[in-house]
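Visitor: Coordinates for the following, if possible.
(2 chains)
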Amino acid sequence: MAPPTTTPARSQSPFAAEVATLSAAVVAEWSSEAVAAMLEIPSDPERGDYALPCFPLARERRLAPPKIAAEIADQLKAKVAGSEWLEGVEAAGGYVNFRVKGARFAQYVVGDILARGDDCGRSDAGTGQTIVIDYSSPNIAKMFHVGHLRSTLVGAALIRVFGHLGHPTVGVNHIGDWGTQFGKLLVAWDLWGESDRLESHPVEYLYELYVRFHKEAKARPDLEERARDAFRLLETGDPEARKLWQRFRDCSLEEFGRIYSTLGVEFDSFAGESFYEDKMQPVLDRLAQRGLSTTSRDALIVDLSDLDWPPMMLRKQDEATLYATRDLAAAIYRHETYGFHKLLYVVGQAQELHFNQLFEVLRRLGYDWADDCEHVMFGWVKFKDQHLSSREGNVVLLDEVLNRAVEMVDSIIAEKNADLEDRARVARTVGVGAVIFADLATRRIRDVNFDWDEVLSFDHGSGPYVMYTHARLTRIVQKYGRPVSTAVDYERLTDPAERAVVQQLEQFGRQLQTVAERREPSYLCSYLVDLTSTVNGDVQRGAKDPSLRILADDPDVAAVRVALVAATRQVLKVGLDLLGMGAPERM
RNA sequence: GCCCCCGUAGCUCAGAUGGAUAGAGCGGAGGUUUCCUAAACCUUAGGCCGCGUGUUCGAAUCACGCCGGGGGUACCA
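Guide: Prediction:
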């Protein structure tokens, strides 16, 4: 819905720039900027390194695209022959395909990556454009299950990628520590609470109370009523209720902290719903002043029937506020505090209407920055085709998933690499990484069915697959034993498989931009798997034919191949890091 | 009822702005370790891209209509 934030400033390599300049000189209809924007990478690398589609010219010139392409390629032949960067141009179908000078291209790409190290792919395009991301935002007193993973991991990955692209970032955990659910907890505690159980296993116990409440409420409808009363009591400042609330909140936050540290996720702010308790009244006043709020069925609402939308609820019959009220206050607070360029809410798609209402009401309040707010939604995590539901107690706990993944990795290490030092730590990194990657690899809008076999599969396309390759490449560079130099003879990089790796490496920066623009970390996952797959094929060739080994006998060949391997390793490392995964050097 | 999302190989998914012959993995069949880590690699079979109509030089991709699945739709978040 909202336009992309980062300007799609194509990484202007001298190669692409040359293609654009030469083509524009030949095609009267197009400027070099236009050509640069149109350039594609051929799906089959055999065809070339850049492709210019000529289809748009067909109508104006009243000629078939292949004829136009042939004509353009013909006119370009002489220019390309004299080019410092390009070595060939050819028409194929409706495309003009360009081939770059392989050695210069490799030198440019590999040299750049190795020179920049962990800063490769970094840019300053986002300078001064603060991105605030609201993510994870669990409800207190609920066990962290795999359904909570998506918001947490997508948000964390986006924060890192935006940061890498130069944006100042603010990660906000909008903890669900306010609302009627707390009334439920207070009632449950009142009815069945046992202090010693709360002491020993706080969150587990609170969660048990929460589930029991919903179970019993089915038979006793009065419980829901009592819960609403209890929340109102809390909201009006009842000291007893306050004290309990504080206690529940503290132990939940401690538990979440443990999980976040395992996942390597950090936040700049834990300002949750309760934080806005005293910031709602000014918003309600402003709504009233502008004549936006009305009373209907004894509740305070913003009427949106002109859009055929249900109203946004501000206050219930019993005067208690709702999350919409708090979200209004939160958005305004965040704009005042951070002056954001974009405010992204990484929240499930079930809340789409809520966010549409929220942004609309902000607009009607006169905040033109409402258009900079965006709901970054994602699909459901299901288990055995059922929704995970905290209320029903039908959940797969994250702890269980992580533990099983780590155990399994550990047993694989025992089998393959038993004397690995630091084995427990590596098993942890790889196991957690497997879970993270499995969750992030699917495009976020899709529903996913949680499947043990899939999460615990460490084969091609998995997180461990990428990590394994990183470790393997690291070993090759170590075994080489000499410093990796970028002053090598790139002419010796002759194989198409090696060219393909270089091509993919060159795409890294652009790939990160797309991840940010589309708010889609899964694109980074597929990129890393593709790169890994290509480089594995390349590395494996040496098994049969020693002359194809990375550490070839010819020192000049070995030097350039090692440089390529080192650059690939570097990109894998940065990519894994941005996903929040860690990249062990051995496994 | 209305609104939103999804539908691609047996399974899980890519296909990003409409573009070159729709691609991977898992699973199936077959193969590769004197070697830099076999958590790897190579070969192979397997497709009315849910259905229909339209727009276009060109549609898995866009529009409209169906079908199937999921979600939302006033006092939960």
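Visitor: who's in contact with the residue nearest to the spatial centre of chain A?
Guide: The centre of chain A sits closest to A:Pro521, judged by Cα atoms, centre = their mean, with a distance of 3.2 Å. Applying Cβ atoms under 8 Å, 6 or more residues apart in numbering to A:Pro521 gives the contacts A:153-154, A:157-158, A:161, A:440, A:444, A:515, A:579. C-betas here are computed from N, CA, C, even on glycine.
Visitor: of those, closest to RNA strand B?
Guide: Of all the contacts of A:Pro521, RNA strand B sits closest to A:Val515, with 7.3 Å by Cβ to the nearest atom of the strand.
Visitor: Now for A:Ala24: which residues touch it?
Guide: Counted by Cβ under 8 Å, 6+ apart, A:Ala24 has contacts A:30-32, A:34-35.
Visitor: Using JSON lines, please lay out those together with pLDDT, secondary structure and distance to A:Phe378.
Guide: JSON lines is the format used below for the contacts of A:Ala24 (pLDDT from 0 to 100; DSSP: H, G, I helix; E, B strand; the rest coil; distance: Cβ to Cβ, whole Å):
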{"residue": "A:Trp30", "pLDDT": "85", "secondary structure": "coil", "distance to A:Phe378": "39"}
{"residue": "A:Ser31", "pLDDT": "84", "secondary structure": "coil", "distance to A:Phe378": "39"}
{"residue": "A:Ser32", "pLDDT": "84", "secondary structure": "helix", "distance to A:Phe378": "39"}
{"residue": "A:Ala34", "pLDDT": "81", "secondary structure": "helix", "distance to A:Phe378": "35"}
{"residue": "A:Val35", "pLDDT": "85", "secondary structure": "helix", "distance to A:Phe378": "36"}
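Visitor: so which of those residues would you say is closest to RNA strand B?
Guide: Nearest to RNA strand B among the contacts of A:Ala24, counting by Cβ to the nearest atom of the strand, is A:Ala34 at 11.2 Å.
Visitor: Can you tell me the closest non-neighbouring residue to that closest one?
Guide: A:Ala24 (7.4 Å; Cβ to Cβ, 6 or more residues apart in numbering).
Visitor: give me the element the one you found is part of.
Guide: helix A:14-26 (DSSP states H and E).
Visitor: and the stretch 201-350 of chain A, which of its residues are near RNA strand B?
Guide: When proximity is defined by Cβ under 7 Å from any atom of the strand, the stretch 201-350 of chain A lies next to RNA strand B at A:224, A:228, A:273, A:296-299, A:301, A:308, A:310-311, A:313, A:316-318, A:320, A:322-323, A:349-350.
Visitor: May I see the ChimeraX selection of the buried members of the residues you listed?
Guide: Buried residues within these, by 16 or more other Cβ atoms under 10 Å, are selected in ChimeraX with:
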select /A:224,228,273,299,301,311,313,316,320,322,323,349
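Visitor: What about the residues of the stretch 201-350 of chain A next to RNA strand B, which are in strands?
Guide: A:296, A:299, A:301, A:313 (DSSP state E).
Visitor: Correct me if wrong, but A:Ser533 is in a helix.
Guide: Yes: residue state for A:Ser533 (DSSP: H, G, I helix; E, B strand; the rest coil) corresponds to a helix.
Visitor: Could you check how far it is from A:Ala566?
Guide: Applying Cβ to Cβ, to the nearest Å, the value for A:Ser533 to A:Ala566 is 19 Å.
Visitor: what's the answer for A:Asp410, then?
Guide: 29 Å.
Visitor: A:His174 and A:Asp134 touch, don't they?
Guide: Yes: taking contacts as Cβ atoms under 8 Å, A:His174 lies within contact range of A:Asp134: 5.0 Å.
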